[in-house]
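1. Got a predicted model here, sequence first, then my questions.
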Amino acid sequence: MFDKYLINAASVHNTGPHDAPDGFAFSAKLGYYRGLGLSMIEELTVSIDGAALAREAVRFDEGNGPLTLDQMETAFDRRWAFGTEATILVACQGGFPVGEHKLALRQKLRVSYLPFPAFNNDEKIVTL
Amino acid sequence: MAGTVKRGVSLYSFQEELFLGQMTVEDCVAFAASIGANGIEILPEQNIATFPNVSDAEVGAWQEMVTRHGCELTCYDMFLDTKLRRDRVMSDDEQVESIRRDLVLCNRLGIRNMRVLVFVRPDILARCVPYAEDLDVHMGVEVHAPWHMEHAWILRTVEEADRLGTKHLGLLPDMGIFMKHYPPVWRARFEREGARPEIAQFIVDQHEAKIMAEYTIYEVAVKLKGNPTEVRMAETLRHSPYSNPKRIRDYIPYFRHIQAKFYEMTPDARDPSLAYDEVIPELIAGGWDGYLSSEYEGNRWVQDVEAVDSREQVRRQHVMFERLLGETGRETV
(Lines give C-alpha, C1' and ligand atoms only; values in the text may rest on other atoms or scores of the structure.)
Protein backbone atom coordinates (compact mmCIF):
# COMPACT_ATOMS: atom_id res chain seq x y z
CA MET A 1 0.00 0.00 0.00
CA PHE A 2 3.03 2.28 0.41
CA ASP A 3 5.64 0.42 -1.63
CA LYS A 4 7.04 3.32 -3.58
CA TYR A 5 7.64 5.36 -0.42
CA LEU A 6 9.74 2.88 1.57
CA ILE A 7 13.34 3.79 0.72
CA ASN A 8 14.58 7.30 1.37
CA ALA A 9 16.99 7.49 -1.58
CA ALA A 10 18.63 10.68 -0.35
CA SER A 11 19.62 9.03 2.92
CA VAL A 12 22.02 6.43 1.49
CA HIS A 13 25.52 6.90 2.89
CA ASN A 14 28.61 4.85 3.52
CA THR A 15 29.65 3.73 6.98
CA GLY A 16 33.02 2.98 8.52
CA PRO A 17 36.32 4.70 7.76
CA HIS A 18 35.96 7.45 5.16
CA ASP A 19 38.72 6.06 2.95
CA ALA A 20 37.75 2.42 3.48
CA PRO A 21 34.00 2.10 4.06
CA ASP A 22 32.80 -1.26 5.35
CA GLY A 23 29.13 -0.80 4.68
CA PHE A 24 26.31 1.58 3.96
CA ALA A 25 23.11 2.68 5.61
CA PHE A 26 19.80 4.20 4.57
CA SER A 27 16.48 5.25 6.06
CA ALA A 28 13.29 3.37 5.32
CA LYS A 29 9.67 3.19 6.41
CA LEU A 30 7.52 0.16 7.12
CA GLY A 31 5.00 -0.50 4.33
CA TYR A 32 1.96 -0.94 6.53
CA TYR A 33 -0.90 1.24 7.76
CA ARG A 34 0.05 0.64 11.38
CA GLY A 35 3.24 0.06 13.36
CA LEU A 36 4.44 -3.48 13.98
CA GLY A 37 6.46 -5.29 16.64
CA LEU A 38 9.96 -6.10 15.44
CA SER A 39 9.47 -9.82 16.07
CA MET A 40 6.97 -9.91 13.19
CA ILE A 41 9.39 -8.46 10.63
CA GLU A 42 10.76 -11.70 9.24
CA GLU A 43 12.99 -10.42 6.49
CA LEU A 44 14.52 -7.14 5.33
CA THR A 45 16.16 -8.14 2.08
CA VAL A 46 18.51 -5.55 0.61
CA SER A 47 19.59 -5.89 -3.03
CA ILE A 48 21.92 -3.94 -5.26
CA ASP A 49 21.26 -4.21 -8.98
CA GLY A 50 19.14 -7.27 -8.36
CA ALA A 51 21.65 -9.19 -6.26
CA ALA A 52 20.49 -9.81 -2.70
CA LEU A 53 22.96 -9.29 0.12
CA ALA A 54 23.26 -11.88 2.87
CA ARG A 55 20.67 -11.80 5.66
CA GLU A 56 23.55 -11.68 8.17
CA ALA A 57 24.85 -8.47 6.58
CA VAL A 58 21.68 -6.52 7.44
CA ARG A 59 20.95 -4.79 10.73
CA PHE A 60 17.99 -2.65 11.77
CA ASP A 61 17.74 0.30 14.14
CA GLU A 62 14.47 2.10 14.86
CA GLY A 63 16.29 4.31 17.36
CA ASN A 64 16.98 1.95 20.22
CA GLY A 65 20.18 0.39 18.91
CA PRO A 66 21.01 -1.90 15.99
CA LEU A 67 19.74 -5.49 15.88
CA THR A 68 20.45 -8.33 13.50
CA LEU A 69 17.40 -9.90 11.86
CA ASP A 70 17.86 -12.90 14.16
CA GLN A 71 17.83 -10.62 17.20
CA MET A 72 14.67 -8.91 15.93
CA GLU A 73 12.81 -12.21 16.15
CA THR A 74 12.74 -11.96 19.94
CA ALA A 75 12.63 -8.16 20.32
CA PHE A 76 9.10 -8.35 21.72
CA ASP A 77 9.24 -4.93 23.41
CA ARG A 78 10.29 -2.94 20.35
CA ARG A 79 8.17 -1.64 17.47
CA TRP A 80 8.63 -0.01 14.10
CA ALA A 81 6.14 2.83 14.42
CA PHE A 82 3.82 3.85 11.57
CA GLY A 83 5.27 6.33 9.08
CA THR A 84 8.61 6.65 10.87
CA GLU A 85 12.01 6.10 9.35
CA ALA A 86 14.31 3.44 10.74
CA THR A 87 17.92 2.90 9.73
CA ILE A 88 18.87 -0.14 7.70
CA LEU A 89 22.59 -0.89 8.11
CA VAL A 90 24.31 -3.12 5.60
CA ALA A 91 27.78 -4.64 5.97
CA CYS A 92 29.39 -4.38 2.55
CA GLN A 93 33.15 -4.10 1.98
CA GLY A 94 33.87 -0.88 0.10
CA GLY A 95 30.47 0.57 0.90
CA PHE A 96 27.75 1.31 -1.65
CA PRO A 97 29.19 0.89 -5.17
CA VAL A 98 30.29 4.03 -6.95
CA GLY A 99 28.03 5.37 -9.68
CA GLU A 100 24.37 4.78 -10.42
CA HIS A 101 22.85 1.60 -8.98
CA LYS A 102 19.48 0.15 -8.08
CA LEU A 103 18.91 -0.25 -4.36
CA ALA A 104 15.99 -2.51 -3.47
CA LEU A 105 14.32 -3.33 -0.16
CA ARG A 106 11.91 -6.21 0.36
CA GLN A 107 10.04 -6.45 3.66
CA LYS A 108 8.46 -9.73 4.70
CA LEU A 109 5.93 -9.27 7.50
CA ARG A 110 4.03 -11.77 9.63
CA VAL A 111 0.59 -10.19 9.80
CA SER A 112 -1.58 -12.25 12.10
CA TYR A 113 -4.91 -11.78 10.31
CA LEU A 114 -3.49 -12.76 6.93
CA PRO A 115 -3.09 -16.44 6.06
CA PHE A 116 0.09 -15.68 4.08
CA PRO A 117 3.10 -13.40 4.70
CA ALA A 118 2.86 -9.81 3.48
CA PHE A 119 5.59 -8.52 1.18
CA ASN A 120 6.49 -4.91 0.45
CA ASN A 121 8.94 -3.96 -2.29
CA ASP A 122 10.63 -0.71 -3.18
CA GLU A 123 13.48 0.07 -5.53
CA LYS A 124 15.28 3.37 -5.99
CA ILE A 125 18.06 4.52 -8.27
CA VAL A 126 20.91 5.72 -6.06
CA THR A 127 24.10 7.52 -7.06
CA LEU A 128 26.77 7.99 -4.43
CA MET B 1 -37.51 13.08 8.17
CA ALA B 2 -33.93 13.37 9.38
CA GLY B 3 -32.46 10.29 10.98
CA THR B 4 -30.25 10.29 14.02
CA VAL B 5 -27.34 8.65 12.26
CA LYS B 6 -24.18 10.62 13.04
CA ARG B 7 -21.20 11.42 10.82
CA GLY B 8 -17.56 10.79 11.65
CA VAL B 9 -14.23 9.75 10.18
CA SER B 10 -11.61 7.14 10.85
CA LEU B 11 -8.02 8.33 10.80
CA TYR B 12 -7.46 5.34 8.49
CA SER B 13 -8.84 7.64 5.79
CA PHE B 14 -5.78 9.86 5.92
CA GLN B 15 -3.16 7.09 5.93
CA GLU B 16 -1.44 8.42 2.82
CA GLU B 17 -0.91 11.92 4.21
CA LEU B 18 -0.12 10.65 7.71
CA PHE B 19 2.43 8.15 6.36
CA LEU B 20 4.14 10.83 4.29
CA GLY B 21 4.09 13.37 7.11
CA GLN B 22 1.89 15.72 5.09
CA MET B 23 -0.77 15.85 7.82
CA THR B 24 -0.67 15.46 11.57
CA VAL B 25 -3.36 13.71 13.56
CA GLU B 26 -4.60 17.11 14.67
CA ASP B 27 -4.83 18.24 11.03
CA CYS B 28 -7.11 15.27 10.40
CA VAL B 29 -9.30 16.09 13.39
CA ALA B 30 -9.51 19.76 12.41
CA PHE B 31 -10.49 18.78 8.89
CA ALA B 32 -13.14 16.37 10.13
CA ALA B 33 -14.59 19.10 12.33
CA SER B 34 -14.67 21.48 9.35
CA ILE B 35 -17.04 19.16 7.46
CA GLY B 36 -19.22 18.43 10.47
CA ALA B 37 -17.81 14.94 10.97
CA ASN B 38 -17.25 15.22 14.68
CA GLY B 39 -16.75 11.56 15.56
CA ILE B 40 -13.13 10.46 15.39
CA GLU B 41 -12.15 6.80 15.07
CA ILE B 42 -8.53 6.03 15.83
CA LEU B 43 -6.03 3.24 15.23
CA PRO B 44 -3.77 3.44 18.27
CA GLU B 45 -1.15 1.30 16.55
CA GLN B 46 -1.07 3.87 13.75
CA ASN B 47 -1.72 7.11 15.55
CA ILE B 48 0.01 6.72 18.91
CA ALA B 49 3.75 6.21 18.41
CA THR B 50 4.28 5.05 21.99
CA PHE B 51 1.69 2.26 21.78
CA PRO B 52 1.17 0.14 23.87
CA ASN B 53 2.87 2.15 26.64
CA VAL B 54 0.67 5.23 26.49
CA SER B 55 1.05 7.62 29.42
CA ASP B 56 -1.75 9.40 31.22
CA ALA B 57 -0.34 12.67 29.90
CA GLU B 58 -0.71 11.43 26.32
CA VAL B 59 -4.25 10.25 26.98
CA GLY B 60 -5.05 13.66 28.41
CA ALA B 61 -3.50 15.43 25.42
CA TRP B 62 -5.61 13.38 23.02
CA GLN B 63 -8.82 14.14 24.85
CA GLU B 64 -7.99 17.83 25.13
CA MET B 65 -7.13 18.08 21.44
CA VAL B 66 -10.25 16.30 20.24
CA THR B 67 -12.49 18.32 22.56
CA ARG B 68 -10.88 21.58 21.48
CA HIS B 69 -12.02 20.85 17.92
CA GLY B 70 -15.56 20.07 19.06
CA CYS B 71 -15.14 16.36 18.35
CA GLU B 72 -15.35 13.11 20.28
CA LEU B 73 -13.49 9.81 20.04
CA THR B 74 -15.86 7.16 18.71
CA CYS B 75 -14.01 3.94 18.10
CA TYR B 76 -10.71 2.20 18.86
CA ASP B 77 -9.41 -0.17 16.18
CA MET B 78 -7.61 -3.02 17.90
CA PHE B 79 -5.23 -5.58 16.46
CA LEU B 80 -4.28 -8.98 17.81
CA ASP B 81 -0.83 -10.32 17.03
CA THR B 82 -1.51 -14.02 17.35
CA LYS B 83 1.67 -14.59 15.36
CA LEU B 84 3.83 -12.44 17.62
CA ARG B 85 6.27 -15.34 17.92
CA ARG B 86 7.70 -17.17 15.00
CA ASP B 87 7.64 -20.58 16.66
CA ARG B 88 4.06 -20.73 17.92
CA VAL B 89 0.67 -19.05 17.89
CA MET B 90 -0.33 -17.06 20.96
CA SER B 91 -2.03 -19.16 23.61
CA ASP B 92 -5.66 -18.46 24.43
CA ASP B 93 -4.65 -16.81 27.70
CA GLU B 94 -2.21 -14.55 25.88
CA GLN B 95 -4.89 -13.57 23.37
CA VAL B 96 -7.32 -12.69 26.14
CA GLU B 97 -4.64 -10.65 27.89
CA SER B 98 -3.80 -8.75 24.69
CA ILE B 99 -7.46 -7.90 24.12
CA ARG B 100 -7.81 -6.88 27.75
CA ARG B 101 -4.83 -4.54 27.29
CA ASP B 102 -6.68 -2.87 24.41
CA LEU B 103 -9.95 -2.67 26.33
CA VAL B 104 -8.16 -0.90 29.17
CA LEU B 105 -6.49 1.63 26.87
CA CYS B 106 -9.78 2.13 25.02
CA ASN B 107 -11.48 2.89 28.32
CA ARG B 108 -8.67 5.23 29.42
CA LEU B 109 -9.14 7.18 26.19
CA GLY B 110 -12.84 7.49 26.97
CA ILE B 111 -13.88 5.41 23.94
CA ARG B 112 -16.85 3.06 24.20
CA ASN B 113 -16.54 1.11 20.93
CA MET B 114 -13.73 -1.20 19.97
CA ARG B 115 -13.36 -2.56 16.44
CA VAL B 116 -12.34 -6.22 16.74
CA LEU B 117 -10.56 -7.82 13.76
CA VAL B 118 -12.82 -10.36 12.08
CA PHE B 119 -10.36 -13.21 12.51
CA VAL B 120 -10.52 -13.12 16.33
CA ARG B 121 -12.22 -16.27 17.59
CA PRO B 122 -15.70 -15.84 19.09
CA ASP B 123 -14.82 -18.06 22.07
CA ILE B 124 -11.85 -15.83 22.87
CA LEU B 125 -14.14 -12.80 22.76
CA ALA B 126 -16.61 -14.53 25.04
CA ARG B 127 -13.83 -14.81 27.61
CA CYS B 128 -13.22 -11.04 27.25
CA VAL B 129 -16.85 -10.06 27.85
CA PRO B 130 -16.49 -9.60 31.64
CA TYR B 131 -13.67 -7.11 31.06
CA ALA B 132 -15.62 -5.32 28.32
CA GLU B 133 -18.64 -5.04 30.61
CA ASP B 134 -16.54 -3.80 33.50
CA LEU B 135 -14.87 -1.16 31.30
CA ASP B 136 -18.09 -0.42 29.38
CA VAL B 137 -16.57 -0.99 25.96
CA HIS B 138 -18.57 -2.61 23.14
CA MET B 139 -16.49 -5.15 21.22
CA GLY B 140 -17.69 -5.06 17.62
CA VAL B 141 -16.41 -7.76 15.30
CA GLU B 142 -15.66 -6.15 11.98
CA VAL B 143 -17.99 -7.53 9.32
CA HIS B 144 -15.55 -7.06 6.45
CA ALA B 145 -15.84 -8.34 2.89
CA PRO B 146 -15.93 -11.16 1.91
CA TRP B 147 -17.76 -11.93 5.15
CA HIS B 148 -21.25 -10.44 5.47
CA MET B 149 -23.93 -9.97 8.13
CA GLU B 150 -25.19 -13.54 7.87
CA HIS B 151 -21.96 -15.39 7.24
CA ALA B 152 -21.73 -18.41 9.52
CA TRP B 153 -18.51 -17.11 11.10
CA ILE B 154 -20.19 -13.77 11.92
CA LEU B 155 -23.26 -15.53 13.31
CA ARG B 156 -21.02 -17.32 15.81
CA THR B 157 -20.32 -13.95 17.44
CA VAL B 158 -24.04 -13.12 17.43
CA GLU B 159 -24.72 -16.47 19.08
CA GLU B 160 -22.07 -15.85 21.74
CA ALA B 161 -23.55 -12.43 22.49
CA ASP B 162 -27.03 -13.94 22.80
CA ARG B 163 -25.83 -16.84 24.92
CA LEU B 164 -24.09 -14.47 27.33
CA GLY B 165 -26.94 -11.96 27.25
CA THR B 166 -24.39 -9.18 26.91
CA LYS B 167 -24.60 -5.76 25.28
CA HIS B 168 -20.81 -5.55 25.10
CA LEU B 169 -20.16 -8.04 22.32
CA GLY B 170 -21.51 -7.72 18.81
CA LEU B 171 -20.66 -6.59 15.32
CA LEU B 172 -19.21 -3.61 13.50
CA PRO B 173 -20.19 -3.54 9.82
CA ASP B 174 -17.74 -2.38 7.17
CA MET B 175 -19.69 -0.99 4.22
CA GLY B 176 -17.37 -2.74 1.77
CA ILE B 177 -19.79 -5.68 2.03
CA PHE B 178 -22.27 -3.74 -0.11
CA MET B 179 -20.28 -3.60 -3.35
CA LYS B 180 -22.98 -3.25 -5.94
CA HIS B 181 -20.66 -2.19 -8.76
CA TYR B 182 -17.01 -2.97 -9.40
CA PRO B 183 -14.91 0.06 -8.31
CA PRO B 184 -13.76 2.10 -11.33
CA VAL B 185 -10.47 2.93 -9.56
CA TRP B 186 -9.69 -0.78 -9.21
CA ARG B 187 -10.33 -1.41 -12.88
CA ALA B 188 -8.26 1.59 -13.94
CA ARG B 189 -5.30 0.46 -11.83
CA PHE B 190 -5.40 -3.06 -13.30
CA GLU B 191 -5.54 -1.61 -16.81
CA ARG B 192 -2.48 0.54 -16.06
CA GLU B 193 -0.74 -2.61 -14.89
CA GLY B 194 -1.48 -4.47 -18.10
CA ALA B 195 -5.04 -5.78 -18.03
CA ARG B 196 -6.52 -5.56 -21.53
CA PRO B 197 -9.61 -3.33 -21.65
CA GLU B 198 -11.81 -6.09 -23.10
CA ILE B 199 -10.84 -8.51 -20.31
CA ALA B 200 -11.33 -5.83 -17.67
CA GLN B 201 -14.77 -5.13 -19.13
CA PHE B 202 -15.60 -8.83 -19.01
CA ILE B 203 -14.69 -8.98 -15.30
CA VAL B 204 -16.71 -5.86 -14.55
CA ASP B 205 -19.69 -7.27 -16.48
CA GLN B 206 -19.47 -10.57 -14.59
CA HIS B 207 -19.46 -8.69 -11.27
CA GLU B 208 -22.36 -6.54 -12.42
CA ALA B 209 -24.30 -9.74 -13.18
CA LYS B 210 -23.34 -11.09 -9.72
CA ILE B 211 -21.86 -14.25 -11.18
CA MET B 212 -20.00 -16.22 -8.55
CA ALA B 213 -16.32 -15.34 -8.46
CA GLU B 214 -14.94 -18.81 -9.18
CA TYR B 215 -16.70 -18.99 -12.56
CA THR B 216 -15.15 -15.71 -13.65
CA ILE B 217 -11.69 -16.57 -12.34
CA TYR B 218 -11.72 -19.82 -14.32
CA GLU B 219 -12.98 -18.06 -17.45
CA VAL B 220 -10.26 -15.44 -17.24
CA ALA B 221 -7.40 -17.71 -16.24
CA VAL B 222 -8.13 -20.70 -18.48
CA LYS B 223 -10.58 -19.98 -21.25
CA LEU B 224 -9.46 -16.41 -22.01
CA LYS B 225 -5.81 -17.18 -21.22
CA GLY B 226 -5.60 -14.07 -19.05
CA ASN B 227 -2.28 -12.53 -18.16
CA PRO B 228 -1.23 -12.44 -14.47
CA THR B 229 -2.69 -8.95 -13.96
CA GLU B 230 -6.02 -10.02 -15.43
CA VAL B 231 -6.11 -13.08 -13.19
CA ARG B 232 -5.35 -10.89 -10.16
CA MET B 233 -8.18 -8.58 -11.18
CA ALA B 234 -10.56 -11.53 -11.51
CA GLU B 235 -9.46 -12.80 -8.10
CA THR B 236 -10.57 -9.53 -6.47
CA LEU B 237 -14.12 -10.77 -7.09
CA ARG B 238 -13.65 -13.21 -4.22
CA HIS B 239 -13.56 -10.19 -1.91
CA SER B 240 -16.23 -8.08 -3.59
CA PRO B 241 -19.66 -9.19 -2.41
CA TYR B 242 -22.88 -7.28 -2.77
CA SER B 243 -24.72 -8.43 0.30
CA ASN B 244 -28.37 -7.58 0.73
CA PRO B 245 -28.79 -4.08 2.25
CA LYS B 246 -32.18 -5.08 3.64
CA ARG B 247 -30.57 -7.57 6.00
CA ILE B 248 -28.60 -4.99 7.97
CA ARG B 249 -31.68 -3.77 9.84
CA ASP B 250 -32.12 -7.09 11.60
CA TYR B 251 -28.69 -6.74 13.17
CA ILE B 252 -29.06 -3.20 14.51
CA PRO B 253 -29.18 -4.45 18.11
CA TYR B 254 -25.69 -5.85 17.62
CA PHE B 255 -23.79 -2.86 16.25
CA ARG B 256 -23.12 0.68 17.46
CA HIS B 257 -20.60 1.90 14.91
CA ILE B 258 -20.04 1.55 11.15
CA GLN B 259 -16.86 1.76 9.13
CA ALA B 260 -17.96 3.65 6.04
CA LYS B 261 -15.47 2.10 3.64
CA PHE B 262 -15.08 3.65 0.20
CA TYR B 263 -12.63 3.63 -2.68
CA GLU B 264 -13.61 6.70 -4.65
CA MET B 265 -16.19 9.47 -4.73
CA THR B 266 -17.12 11.20 -7.97
CA PRO B 267 -16.93 15.01 -8.26
CA ASP B 268 -20.72 15.12 -7.93
CA ALA B 269 -20.50 13.26 -4.60
CA ARG B 270 -21.68 9.81 -5.59
CA ASP B 271 -20.10 6.50 -4.62
CA PRO B 272 -19.83 4.60 -7.92
CA SER B 273 -19.43 1.24 -6.20
CA LEU B 274 -20.95 0.83 -2.74
CA ALA B 275 -24.72 0.94 -2.24
CA TYR B 276 -24.94 3.66 0.41
CA ASP B 277 -28.17 4.88 -1.15
CA GLU B 278 -29.73 1.53 -0.25
CA VAL B 279 -28.09 0.97 3.15
CA ILE B 280 -28.57 4.37 4.78
CA PRO B 281 -32.38 4.33 4.41
CA GLU B 282 -32.37 0.98 6.23
CA LEU B 283 -30.34 2.45 9.08
CA ILE B 284 -32.69 5.42 9.32
CA ALA B 285 -35.78 3.22 9.19
CA GLY B 286 -34.30 1.04 11.93
CA GLY B 287 -33.67 4.06 14.15
CA TRP B 288 -29.96 3.40 14.34
CA ASP B 289 -28.08 6.24 16.01
CA GLY B 290 -24.38 5.42 15.74
CA TYR B 291 -21.61 6.94 13.68
CA LEU B 292 -20.97 6.40 9.99
CA SER B 293 -17.20 6.63 10.16
CA SER B 294 -15.48 7.37 6.84
CA GLU B 295 -12.87 4.82 5.88
CA TYR B 296 -11.23 5.96 2.66
CA GLU B 297 -9.17 3.17 1.10
CA GLY B 298 -8.63 4.59 -2.37
CA ASN B 299 -5.10 5.87 -1.89
CA ARG B 300 -3.45 2.59 -2.81
CA TRP B 301 -5.40 2.43 -6.08
CA VAL B 302 -4.45 5.86 -7.43
CA GLN B 303 -1.11 6.78 -5.85
CA ASP B 304 0.80 5.44 -8.90
CA VAL B 305 -0.60 8.17 -11.15
CA GLU B 306 -1.79 11.05 -9.01
CA ALA B 307 -1.30 12.79 -5.71
CA VAL B 308 -3.76 11.37 -3.22
CA ASP B 309 -6.24 13.89 -1.81
CA SER B 310 -7.91 12.08 1.06
CA ARG B 311 -9.54 15.26 2.37
CA GLU B 312 -11.40 15.90 -0.88
CA GLN B 313 -12.53 12.28 -1.06
CA VAL B 314 -13.80 12.31 2.53
CA ARG B 315 -15.46 15.69 1.98
CA ARG B 316 -17.38 14.31 -0.99
CA GLN B 317 -18.49 11.27 0.99
CA HIS B 318 -19.91 13.54 3.67
CA VAL B 319 -21.79 15.56 1.07
CA MET B 320 -23.38 12.25 0.08
CA PHE B 321 -24.11 11.38 3.71
CA GLU B 322 -25.77 14.74 4.28
CA ARG B 323 -27.94 14.16 1.24
CA LEU B 324 -28.89 10.63 2.23
CA LEU B 325 -29.43 11.55 5.87
CA GLY B 326 -31.68 14.43 4.94
CA GLU B 327 -29.46 17.05 6.54
CA THR B 328 -29.94 20.57 5.26
CA GLY B 329 -27.87 23.70 4.89
CA ARG B 330 -25.32 22.45 2.37
CA GLU B 331 -25.28 22.30 -1.38
CA THR B 332 -24.82 18.84 -2.79
CA VAL B 333 -21.49 19.56 -4.50
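-> That came in fine, so what should we check first?

2. what sits against the one residue sitting closest to the centre of chain A?
-> When Cα atoms, centre = their mean is applied to chain A, the residue found nearest the centroid is residue A:88 (4.2 Å). Applying Cβ atoms under 8 Å, 6 or more residues apart in numbering or on different chains, we find residue A:88 in contact with A:25-28, A:44, A:46, A:58-60, A:105. For every residue, glycine as well, the C-beta is placed using N, CA and C.

3. Quickly find the element holding it.
-> Taking DSSP states H and E as the criterion, residue A:88 maps to strand A:86-91.

4. now do residue A:105
-> Short version, using DSSP H and E: residue A:105 is in strand A:100-109.

5. ditto for residue B:52
-> Assignment of secondary structure by DSSP H and E places residue B:52 within no helix or strand.

6. And the one 5 residues further on, by the same measure?
-> Assessed by DSSP H and E, residue B:57 sits inside helix B:56-68.

7. How about residue B:190?
-> With DSSP H and E as the criterion, residue B:190 is inside helix B:184-192.

8. Mind listing what's buried along that helix?
-> B:185-191 (16 or more other Cβ atoms under 10 Å in any protein chain shown).

9. again, but for stretch B:82-97
-> For stretch B:82-97, a neighbour-count test (16+ other Cβ under 10 Å) marks B:82-85, B:90, B:94-96 as buried.

10. Where helices are concerned, which of those residues count?
-> Taking DSSP state H, the ones among these that sit in helices are B:94-96.

11. Pipe these into TSV and attach distance to chain A per row.
-> Rendered in TSV, the data for these read as follows (distance: Cβ to the nearest Cβ, whole Å):
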residue	distance to chain A
B:94	11
B:95	10
B:96	15
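
12. Adding pLDDT, write the residues you listed out as JSON lines.
-> Output for these, formatted as JSON lines (pLDDT from 0 to 100):
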{"residue": "B:94", "pLDDT": "98"}
{"residue": "B:95", "pLDDT": "98"}
{"residue": "B:96", "pLDDT": "98"}
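
13. that older thread, any idea which helix or strand comes after the helix holding residue B:190?
-> Reading on from helix B:184-192 to the C-terminus, the next helix or strand found by DSSP H and E is helix B:197-208.

14. who does that next one touch, helix- and strand-wise?
-> helix B:184-192, helix B:213-218, helix B:228-235 (3 or more Cβ pairs under 8 Å, 6 or more residues apart in numbering or on different chains; DSSP states H and E).

15. For the second one, enumerate the helices and strands it packs against.
-> In this case it means helix B:213-218. Judged by 3+ Cβ pairs under 8 Å, 6+ apart, the packing partners of helix B:213-218 are helix B:197-208, helix B:228-235.

16. residues in contact with it?
-> With contacts defined as Cβ under 8 Å, 6+ apart, helix B:213-218 is touched by B:202-203, B:206-207, B:231, B:234-235, B:237-238, B:240.

17. which neighbours does the strand holding residue A:105 have in its sheet, and in what orientation?
-> The strands that strand A:100-109 pairs with in its sheet are strand A:41-48 (antiparallel), strand A:118-127 (antiparallel) (by DSSP bridges).

18. Tell me which of those strands is the most buried.
-> The densest packing among the strands paired with strand A:100-109, expressed as mean neighbour count by mean count of other Cβ atoms under 10 Å in any protein chain shown, is seen in strand A:41-48 with a mean of 18.

19. Where does the prediction get shaky in chain B?
-> Within chain B, the segments meeting pLDDT under 70 span B:1-3, B:328-333.
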